[in-house]
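1. Give me the fold of what follows.
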Amino acid sequence: MSYQTSNPLVGETEFALEGPWATYWIAFLRVVTGWWFFHAGVTKIIENGFAFTYGPSYMKGMTGTALGGIPVWMGNNLAWLIEPGVPLFETLIGLALIAGAFTRLAAFGGVIFMVLFWVGNAGFGHGVVNSDLMGLFLFMTVIVLAAGRYYGLDALLEQTALVKQNPKLRYLLG
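-> So this is what the prediction gives:
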């Protein structure tokens, strides 16, 4: 006896991203992800300016992570970049996502942050699926769905003569 006829998962499945609800949801997801990073960055700037000393000091203590000695080296040698860079780039990534401008480029920056956070916080006390991994998935979703094209400035930027003359720029937009 075959179970194929009663299995609803067998057969053609289509997931079309069309219609207003899908575009609203993609835009909402982009804006919420942007707000999350903007808030994280601007809060650090308000509290510490561009001297986020917690970042390098945290990295100096990351001796037992999957990254080995890399974060310790970074904390010791790149503090000049990490202290202003973390709050600045979190804020800029967030603003770009909220506005839907250079969305893929900004989300790629978010992916880099989240990979470093996920591996760097690799205690995995609750398994490998944690909030850092979910943040990574949010940024990847924004990239894959070209979320800046939905009610974002990227839709307008892609209509400019510069982008039309250089279509590869669309990979940074959307």
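2. Over to Tyr151. Which of the three states is it?
-> coil (DSSP: H, G, I helix; E, B strand; the rest coil).
3. where does the spatially closest residue to it that is not a sequence neighbour fall, helix, sheet strand or coil?
-> If the residues on either side of it in the chain are set aside, Tyr151 comes closest to Ala27, at 4.3 Å by CB to CB, 6 or more residues apart in numbering. C-beta coordinates here come from the backbone N, C-alpha and C atoms, glycine included. Following three-state DSSP, we place Ala27 in the helix state.
4. Renumber starting at 37 from here on
-> Got it, the first residue is 37 from now on, which makes the last one we talked about Ala63.
5. And the pLDDT at Ala63?
-> pLDDT, Ala63: 95.
6. Neighbours of it, how many?
-> Residues within reach of Ala63, counting by other CB atoms under 10 Å, total 18.
7. correct me, but it touches Gly136?
-> Yes. Between Ala63 and Gly136 there is a contact at 7.4 Å, judged by CB atoms under 8 Å.
8. got any residues that touch both of those two?
-> Common neighbours of Ala63 and Gly136 are listed as Ala183, Tyr186, Tyr187, Gly188 (criterion: CB atoms under 8 Å, 6 or more residues apart in numbering).
9. All good on my end, thank you.
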